[in-house]
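Asker: fold the following and give me the result.
(4 chains)
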Number of protein chains: 2
Amino acid sequence: MFARISDRSTEFPGIFGESLIQNDLSRRVSLNEFSYKKGTEIFGEKEPADYVYQVVSGAVRSYKLLSDGRRQIGAFHLTNDIFGLEIGSDHRFTAEAIIDTTVRLMKRRSLELVAESDVTVARNLLSMTTSNLRHAEDHMLLLGRKTSLERVAAFLIEMDRRSTAAGVLALPMCRRDIADYLGLTLETVSRALSRLHDLDILGFIGNTQRQIVLLDRKKLASFDLQN
Amino acid sequence: MFARISDRSTEFPGIFGESLIQNDLSRRVSLNEFSYKKGTEIFGEKEPADYVYQVVSGAVRSYKLLSDGRRQIGAFHLTNDIFGLEIGSDHRFTAEAIIDTTVRLMKRRSLELVAESDVTVARNLLSMTTSNLRHAEDHMLLLGRKTSLERVAAFLIEMDRRSTAAGVLALPMCRRDIADYLGLTLETVSRALSRLHDLDILGFIGNTQRQIVLLDRKKLASFDLQN
DNA sequence: CGAGACTTTGAGGTGACTCAAATACTGTGG
DNA sequence: CCACAGTATTTGAGTCACCTCAAAGTCTCG
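Answerer: Numbers count the residues shown, from 1 in each chain, chains lettered A, B, ... in the order given. Down below sits the predicted model:
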């Protein structure tokens, strides 16, 4: 379930892909898999960033908290996504497993050593950081200037784009997670989804509220203004 | 006026600093200065990113627009700040001079060539991108979860930190720019500033609304919650 | 000094939030 | 396989922070 291949999945073969895992380079890095139960923390904000992670299966949320508990989720990490890569010494987000999740992890130091000699890996580090930057820049526009309906539409379109399962969009995260990603409350997210349902733009499947069918991608896209 | 040295000003000597301009490397890159009148565009979103820019004097805003005109400013660039650096082929923001501004510019291709051989420059490219990413991540939290007063307080603290002039904070941008940076309206920004003024946290100087004195940085900081 | 731009302030509106309750779903244990 | 407890979602009603519209005040610069 929730099988997905991120749009970033094939962009960085030099880091977690075949070139490190299956060929000679694999001996240069320590590479492990680790599993986290639903809701558990993978790393905390401001902890030393000694490892870089890749989602093998499951889903992860990265977030920041204000001292009074307000939360802003910066990104969701789905199958094959790489996360926790920092240039500074510490993590700048807390990462938690949204559902039971298996990650592959490697020592950051090892990665840096490889990057020293392997130009491809070094370029991929920059490329990944840029990819994260682009996402954050687009998300600033969403958070600063879009309406609730536009945010939810944009979210569905993003998840649809990152999803491989052609038919149904199976969301691993709850309404509160979506809300904290979009800068809304869970009730507002729910109302927006209901409204899109009423407009025959999406449908809910069978016995779960986490499975969504996009009935009219064109109409949906019309709610997500171009920038 | 508006003389400032960004906190990033001395971080990247390998790109625009002495190492490129005054020593041997300077012959490898084409480096020019160019001036823009207040309000004019330096480059547009989606245009090819052939140049990288550094503010010599003045101030620049980088923003995205929605099709109906809503604007989100992603960053302000002050003296010595580098902007317009892209890894992909196109700019992802429009950049405009806020006041009369002089920039130093260099061909991106030249920079990339230098980066090939000079590890320091390559590392600085990554370092700058990371710096931008960190700013965007923090700004997502502000846009998604902070109140208007917290946003304005955070803005003043950021500008104060980036300012060298110890006493007065001379803002080059108008209320609308601040509003579009903070995801608010200009009236809400004005009301927040008035409120901080009433609380004796800041003062306005003489005959301009752009010069602000931070009377009580401690109290101001208490409005900008930690994350 | 005067025109135009910018800022402040007020009054009223509204989209999203809060609080609350009903409904639906999930996983567990009998 | 069903009942139940706990969690998640939806929906409604009322509130509020911020927005919109409007007008007056302030600043800049020729």
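Asker: so where do the helices sit in chain A?
Answerer: A:18-21, A:108-117, A:119-145, A:148-162, A:175-182, A:186-198, A:217-223 (DSSP state H).
Asker: with mean pLDDT, mean neighbour count and distance to DNA strand C added, can I get those helices in a markdown table?
Answerer: To be clear about C-beta, it is placed using only N, CA and C from the backbone, and glycine gets the same treatment. Conversion of the helices of chain A to a markdown table gives the following (pLDDT from 0 to 100; neighbours: other CB atoms under 10 Å in any protein chain shown; distance: least, CB to the nearest atom of the strand, whole Å):
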| stretch | mean pLDDT | mean neighbour count | distance to DNA strand C |
| --- | --- | --- | --- |
| helix A:18-21 | 41 | 17 | 31 |
| helix A:108-117 | 90 | 16 | 33 |
| helix A:119-145 | 94 | 20 | 10 |
| helix A:148-162 | 97 | 20 | 4 |
| helix A:175-182 | 98 | 22 | 7 |
| helix A:186-198 | 97 | 16 | 3 |
| helix A:217-223 | 95 | 15 | 12 |
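Asker: these: which one's closest to B:Asp90?
Answerer: Proximity of those to B:Asp90 was assessed by CB to CB; the nearest stretch is helix A:119-145, lying at 10.8 Å.
Asker: and the angle from that closest one to helix B:175-182?
Answerer: Angle between the axes of helix A:119-145 and helix B:175-182 is 120 degrees (criterion: axes from the mean of the first three to the mean of the last three CA atoms, to 10 degrees).
Asker: now distance to DNA strand D too, for the helices of chain A, in a markdown table please.
Answerer: Formatted as a markdown table, the entries for those read as follows, by distance: least, CB to the nearest atom of the strand, whole Å:
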| stretch | distance to DNA strand D |
| --- | --- |
| helix A:18-21 | 34 |
| helix A:108-117 | 32 |
| helix A:119-145 | 9 |
| helix A:148-162 | 10 |
| helix A:175-182 | 3 |
| helix A:186-198 | 3 |
| helix A:217-223 | 16 |
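Asker: per-domain residue ranges of chain A.
Answerer: Under the assignment named as automatic domain parsing, the residue ranges that make up the domains of chain A are A:18-143, A:146-223.
Asker: now those domains as JSON lines including distance to chain B?
Answerer: Listed next are the domains of chain A as JSON lines, based on distance: least, CB to the nearest CB, whole Å:
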{"stretch": "domain A:18-143", "distance to chain B": "4"}
{"stretch": "domain A:146-223", "distance to chain B": "3"}
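Asker: closest to B:Lys107 out of those domains?
Answerer: Using CB to CB as the criterion, the shortest distance between B:Lys107 and those is 18.7 Å, found for domain A:18-143.
Asker: so how far is that closest one off the chain centroid?
Answerer: Its chain's C-alpha centre and that of domain A:18-143 lie 10 Å apart, by CA atoms, centre = their mean, to the nearest Å.
Asker: cool, stretch A:133-146 as well?
Answerer: The gap between where stretch A:133-146 is centred and where its chain is centred comes out at 15 Å by CA atoms, centre = their mean.
Asker: contacting residues for A:Asp50?
Answerer: Each residue near A:Asp50 by CB atoms under 8 Å, 6 or more residues apart in numbering or on different chains is listed here: A:107-109.
Asker: rerun that using 10 Å as the cut-off
Answerer: Contacts of A:Asp50 were listed using CB atoms under 10 Å, 6 or more residues apart in numbering or on different chains, and they are A:43, A:84, A:86, A:89, A:91, A:105, A:107-109.
Asker: what of A:Leu85?
Answerer: Residues counted as contacts of A:Leu85 (CB under 10 Å, 6+ apart) are A:15, A:49, A:51-54, A:91, A:108, A:111, A:125, A:128-129, A:132, B:130.
Asker: so what's the backbone phi/psi at it?
Answerer: phi -80, psi 120 (degrees, to the nearest 10).
Asker: the one 3 residues further on too?
Answerer: Backbone torsions of A:Gly88, given as degrees, to the nearest 10, read phi -70, psi -180.
Asker: for it, which non-adjacent residue is closest in space?
Answerer: Closest residue to A:Gly88 in three dimensions, ignoring its sequence neighbours and counting by CB to CB, 6 or more residues apart in numbering or on different chains: B:Thr130, at 7.0 Å.
Asker: my read is that A:Met128 contacts A:Val52, right?
Answerer: Yes. Look at A:Met128 against A:Val52 with CB atoms under 10 Å: they come within range, at 9.4 Å.
Asker: wait, isn't the residue nearest to A:Gly88 in contact with A:Ala49?
Answerer: No. The criterion here is CB under 10 Å, and B:Thr130 misses it with A:Ala49 at 11.8 Å.
Asker: pull up the overlap in contacts between those two.
Answerer: In terms of CB under 10 Å, 6+ apart, B:Thr130 and A:Ala49 are both contacted by the residues A:85-88, A:92.
Asker: hang on, the earlier thing: tell me which of the helices of chain A sits nearest to B:Arg70.
Answerer: Among those, the nearest to B:Arg70 by CB to CB is helix A:119-145 (4.4 Å).
Asker: now the angle from the closest one to helix B:148-162?
Answerer: 140 degrees.
Asker: do you know how far the residue nearest to A:Gly88 is from A:Glu112?
Answerer: Distance of B:Thr130 to A:Glu112, computed by CB to CB, to the nearest Å: 14 Å.
Asker: and if you look at A:Phe155?
Answerer: 34 Å.
Asker: make a markdown table out of the helices of chain A and add distance to A:Ile98.
Answerer: Output for these, formatted as a markdown table (distance: least, CB to CB, whole Å):
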| stretch | distance to A:Ile98 |
| --- | --- |
| helix A:18-21 | 25 |
| helix A:108-117 | 23 |
| helix A:119-145 | 18 |
| helix A:148-162 | 13 |
| helix A:175-182 | 7 |
| helix A:186-198 | 15 |
| helix A:217-223 | 23 |
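Asker: of all these, which lies closest to B:Asp180?
Answerer: Of all the helices of chain A, the one in closest proximity to B:Asp180, counting by CB to CB, is helix A:119-145 (7.7 Å).
Asker: from DNA strand D, how far off is the residue lying closest to A:Arg104 once chain neighbours are set aside?
Answerer: If you skip the residues right next to it in sequence, A:Arg104 has A:Gln54 as its closest partner in space, 4.6 Å away by CB to CB, 6+ apart. When distance is defined by CB to the nearest atom of the strand, to the nearest Å, A:Gln54 is 25 Å away from DNA strand D.
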